[in-house]
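S.K.: please find the sequence and the predicted model below.
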Amino acid sequence: MTLPAGPRFYGVTRVDGRWGPVRCYSSSVLDNSSKQADYSRPYVLYAIFVVFLVSVFNVVDRYILSILASDIKRDLGLSDTQMGLLLGPSFSVVHFIAVLPAAWLADRYARRTVVAGGLFLWSAMTAVGGLVTGFGALFATRMGVGVGEAAGSPPSVALLSDTAPPHWRTRALSAVTVGALVGLALGMILGGYLGAAYGWRVALLSVGLTGLPVALLVRFTLREPPRSQGSRVSPLAAARHLFSFGSFRWSVLGICLANIAISGRNLWEPSFLERSYGLSGAELGFTYVVISGIPSMIGALAGATLADRLSTRDVRWLVWVAGGAIALAVPFIVVFLTLDSGHVVEVGFVGFPLAYVFSALGSFFLGFFSPPMASLAQSLATPQIRSLAHAIWTMPYTLIGMGVGPLLVGTLSEWLTPSEGQEALRLALIASCVLLPAGAIGFFVAGRTLVSDLERVEGSKAGLQ
């Protein structure tokens with residue numbers, strides 16, 4: 001296939017006057033500074049699977065605390081505000097600080113080594129968390145998890161970007177999102193079961209120790225794709241490059257606002273199900289996975305596939321898919337949080353709360369946005385800043401979303417408890433949903449400049465030093 005002359009990008013290119021993903025393997029459509037390796041299809045699939053495993057453990061260790069929150073709170077005598085600090089800022093602040101240095105190292109040295117080292121660290125710190133006896137020590141181990149996990153997603157995304165063929169990109173990168181959602185599901189199921197059967201300490205030890213062998217798998221079985229030996233790019237120069245594009249600025253703003261509500265819901269929903277529906281242990285974990293985790297996984301795959309296909313017609317679908325899905329999720333999530341357990345659906349001999357259906361639908365749409373956002377960042381990046389590009393948008397996404405969301409919901413819940421009692425957490429979660437439409441608007445505004453931004457990328461490469 002011969003492409004018309006014109007600006008070309010790694011991941012998207014201008015064809016017949018329109019911007020869309022590269023649809024062939026030819027090196028002529030790749031950035032001249034890229035050295036895309038020609039890996040076999042089986043190896044590419046294997047690399048995607050290993051990165052999927054990394055993402056699973058990245059999120060299992062991050063979110064397992066939420067299913068164990070009630071047990072930890074009772075055992076250590078903590079308040080909702082203290083649990084909000086453990087669920088959010090203990091991780092997100094240090095993650096924010098560490099992710100850029102980790103990405104900078106990954107863009108200069110072997111990315112598989114950086115990922116393996118981070119996985120070993122965060123798994124070990126999760127296990128140590130099962131041995132602590134107080135709030136301060138547990139807070140410190142969660143900080144260690146944040147440092148280790150900073151070396152997870154950005155180098156993994158860079159590895160896949162340089163391993164998978166360009167026309168697979170969004171779907172290949174969906175392995176990171178789907179792995180994260182599987183990790184969330186496993187965290188809930190394993191955490192709920194192990195916590196109920198053996199206690200929260202055994203749950204943390206078991207999950208943490210299991211991740212250590214996966215670090216060896218990453219280091220000794222993944223190949224390091226070749227990269228350009230051209231000039232190195234500083235993190236500041238990479239950030240200036242990306243934030244010079246209006247589409248990137250607005251998308252990051254949108255995803256940060258939406259993630260305040262999403263993270264607040266993800267980390268407090270198990271407690272909400274326990275308080276409002278009387279669930280606990282393995283039953284709680286299983287219910288959460290069915291009404292939230294699995295629908296989000298399906299949504300991530302659907303969002304990646306939809307974005308890949310529609311962006312061949314108009315590349316602005318990368319942001320339109322993300323923004324539209326977030327907007328569609330809002331009414332479903334609000335109804336889920338509003339309905340009480342008295343509204344029941346009967347299917348044969350099985351009955352379950354109607355609210356669960358709305359949770360599943362809302363979670364499905366909220367799963368859409370991450371793969372298109374990752375693909376957008378890679379399309380605006382150059383080959384020298386693959387890891388940094390992912391880090392630069394996930395830094396504020398994690399800091400603002402996980403740092404503000406769980407703490408905001410926990411603080412609101414504690415403030416409302418004297419007047420609202422058991423319903424305080426429900427109301428706090430509903431209040432946080434106002435940020436979802438604001439996030440959707442950010443993505444739609446980003447679409448206004450995306451085409452012109454892509455046209456500017458080629459010219460910006462010469463000055464990116």
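M.R.: Perfect, thanks for sending it. Numbering: from 1, shown residues only.
S.K.: what's the first helix or strand after the helix or strand harbouring Arg112?
M.R.: Following DSSP states H and E, one finds Arg112 within helix 111-129. Once the chain leaves helix 111-129, the next helix or strand it forms, by DSSP H and E, is helix 135-149.
S.K.: and that following helix, what does it pack onto?
M.R.: helix 41-67, helix 69-76, helix 80-87, helix 89-106, helix 111-129 (3 or more Cβ pairs under 8 Å, 6 or more residues apart in numbering; DSSP states H and E). The C-beta positions use only the backbone N, C-alpha and C, and glycine is treated the same way.
S.K.: now for the helix holding Arg112, which elements pack on it?
M.R.: Applying 3+ Cβ pairs under 8 Å, 6+ apart, we find helix 111-129 packed against helix 41-67, helix 89-106, helix 135-149, helix 153-163, helix 200-221.
S.K.: how far is it from where the chain is centred?
M.R.: The chain centroid and the centroid of helix 111-129 are separated by 18 Å under Cα atoms, centre = their mean, to the nearest Å.
S.K.: export that helix as PDB, just CAs?
M.R.: The C-alpha trace of helix 111-129 is given here as PDB (Å, rounded to 0.1, in the frame of the first residue of the first chain):
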ATOM      1  CA  ARG A 111      12.600  -0.600  30.000                       C
ATOM      2  CA  ARG A 112      12.100  -4.200  31.000                       C
ATOM      3  CA  THR A 113      14.600  -3.700  33.800                       C
ATOM      4  CA  VAL A 114      12.800  -0.600  35.100                       C
ATOM      5  CA  VAL A 115       9.400  -2.400  35.000                       C
ATOM      6  CA  ALA A 116      10.800  -5.500  36.700                       C
ATOM      7  CA  GLY A 117      12.500  -3.500  39.500                       C
ATOM      8  CA  GLY A 118       9.300  -1.500  40.200                       C
ATOM      9  CA  LEU A 119       7.200  -4.700  40.300                       C
ATOM     10  CA  PHE A 120       9.600  -6.300  42.800                       C
ATOM     11  CA  LEU A 121       9.500  -3.200  45.000                       C
ATOM     12  CA  TRP A 122       5.700  -2.700  45.000                       C
ATOM     13  CA  SER A 123       5.100  -6.400  45.600                       C
ATOM     14  CA  ALA A 124       7.500  -6.500  48.500                       C
ATOM     15  CA  MET A 125       6.000  -3.300  50.100                       C
ATOM     16  CA  THR A 126       2.500  -4.800  49.800                       C
ATOM     17  CA  ALA A 127       3.700  -7.900  51.700                       C
ATOM     18  CA  VAL A 128       5.400  -5.800  54.400                       C
ATOM     19  CA  GLY A 129       2.000  -4.000  54.800                       C
END
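S.K.: next, the buried residues of that helix.
M.R.: Neighbour counts using 16 or more other Cβ atoms under 10 Å place 111-129 of helix 111-129 among the buried residues.
S.K.: quick check: which of the helices and strands packed on helix 135-149 is nearest to Pro406?
M.R.: Using Cβ to Cβ as the measure, helix 80-87 is the one of the helices and strands packed on helix 135-149 that comes nearest Pro406, at 4.2 Å.
S.K.: please identify the most buried of the helices and strands packed on helix 111-129.
M.R.: When you average the neighbours per residue for each of the helices and strands packed on helix 111-129 (mean count of other Cβ atoms under 10 Å), helix 153-163 leads with a mean of 28.
S.K.: now it against helix 89-106, angle please.
M.R.: Computed with axes from the mean of the first three to the mean of the last three Cα atoms, to 10 degrees, the direction of helix 153-163 lies at 40 degrees from that of helix 89-106.
S.K.: next, the angle helix 200-221 makes with helix 153-163.
M.R.: Relative orientation of helix 153-163 versus helix 200-221 (the same axes, to 10 degrees): 30 degrees.
S.K.: which helices and strands does helix 153-163 pack with?
M.R.: Packed against helix 153-163, as judged by 3+ Cβ pairs under 8 Å, 6+ apart, are the following elements: helix 41-67, helix 89-106, helix 111-129, helix 169-198, helix 370-380, helix 386-420.
S.K.: could you pull up the mean pLDDT of the longest one?
M.R.: In this model, helix 386-420 has an average pLDDT of 84.
S.K.: just the CA trace of the next helix or strand after that helix, in PDB.
M.R.: Toward the C-terminal end, the helix or strand that comes next after helix 386-420 (DSSP H and E) is helix 424-432. Presented in PDB, the C-alpha positions along helix 424-432 are these (Å, rounded to 0.1, in the frame of the first residue of the first chain):
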ATOM      1  CA  ALA A 424     -23.700   9.600  54.500                       C
ATOM      2  CA  LEU A 425     -21.400   7.600  52.200                       C
ATOM      3  CA  ARG A 426     -24.100   7.300  49.600                       C
ATOM      4  CA  LEU A 427     -24.600  11.100  49.500                       C
ATOM      5  CA  ALA A 428     -20.800  11.700  49.400                       C
ATOM      6  CA  LEU A 429     -20.500   9.400  46.300                       C
ATOM      7  CA  ILE A 430     -23.400  11.100  44.600                       C
ATOM      8  CA  ALA A 431     -21.900  14.500  45.200                       C
ATOM      9  CA  SER A 432     -18.600  13.500  43.600                       C
END
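S.K.: how far is helix 424-432 from where the chain is centred?
M.R.: The gap between where helix 424-432 is centred and where its chain is centred comes out at 23 Å by Cα atoms, centre = their mean.
S.K.: residues touching the residue most central in space within the chain, list them.
M.R.: Nearest to the geometric centre of the chain sits Thr177, at 5.6 Å (Cα atoms, centre = their mean). Contact analysis of Thr177 by Cβ atoms under 8 Å, 6 or more residues apart in numbering lists Ser55, Ala300, Ala304, Gly367, Ser370, Pro371, Ala374.
S.K.: what is the burial count for the third one?
M.R.: Spelled out, it's Ala304. As a burial measure, the neighbour count of Ala304 was computed by other Cβ atoms under 10 Å and equals 27.
S.K.: contacts for the host helix or strand of it next, please.
M.R.: Ala304 belongs to helix 294-310 when elements are defined using DSSP H and E. For helix 294-310, the external contacting residues (Cβ under 8 Å, 6+ apart) are 21, 167, 169-171, 173-174, 177-178, 181-182, 184-185, 317-318, 320-322, 325, 359-361, 363-372, 375.
S.K.: dump whichever helix or strand comes after that helix to PDB, restricted to CA.
M.R.: Once the chain leaves helix 294-310, the next helix or strand it forms, by DSSP H and E, is helix 317-338. Coordinates of the C-alpha atoms in helix 317-338 are reproduced here as PDB (Å, rounded to 0.1, in the frame of the first residue of the first chain):
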ATOM      1  CA  TRP A 317     -12.900   9.900  17.600                       C
ATOM      2  CA  LEU A 318     -10.000   9.200  19.900                       C
ATOM      3  CA  VAL A 319     -11.300  12.000  22.200                       C
ATOM      4  CA  TRP A 320     -14.900  11.800  21.200                       C
ATOM      5  CA  VAL A 321     -15.100   8.100  22.300                       C
ATOM      6  CA  ALA A 322     -13.600   9.000  25.700                       C
ATOM      7  CA  GLY A 323     -15.700  12.000  26.300                       C
ATOM      8  CA  GLY A 324     -19.000  10.500  25.000                       C
ATOM      9  CA  ALA A 325     -18.600   7.400  27.200                       C
ATOM     10  CA  ILE A 326     -17.900   9.400  30.300                       C
ATOM     11  CA  ALA A 327     -21.000  11.500  29.700                       C
ATOM     12  CA  LEU A 328     -23.200   8.400  29.000                       C
ATOM     13  CA  ALA A 329     -22.000   6.800  32.300                       C
ATOM     14  CA  VAL A 330     -23.300   9.700  34.500                       C
ATOM     15  CA  PRO A 331     -27.000   8.900  34.700                       C
ATOM     16  CA  PHE A 332     -26.400   5.200  35.300                       C
ATOM     17  CA  ILE A 333     -24.000   5.800  38.100                       C
ATOM     18  CA  VAL A 334     -26.300   8.400  39.800                       C
ATOM     19  CA  VAL A 335     -29.300   6.000  39.600                       C
ATOM     20  CA  PHE A 336     -27.100   3.200  41.000                       C
ATOM     21  CA  LEU A 337     -26.200   5.300  44.000                       C
ATOM     22  CA  THR A 338     -29.800   6.600  44.400                       C
END
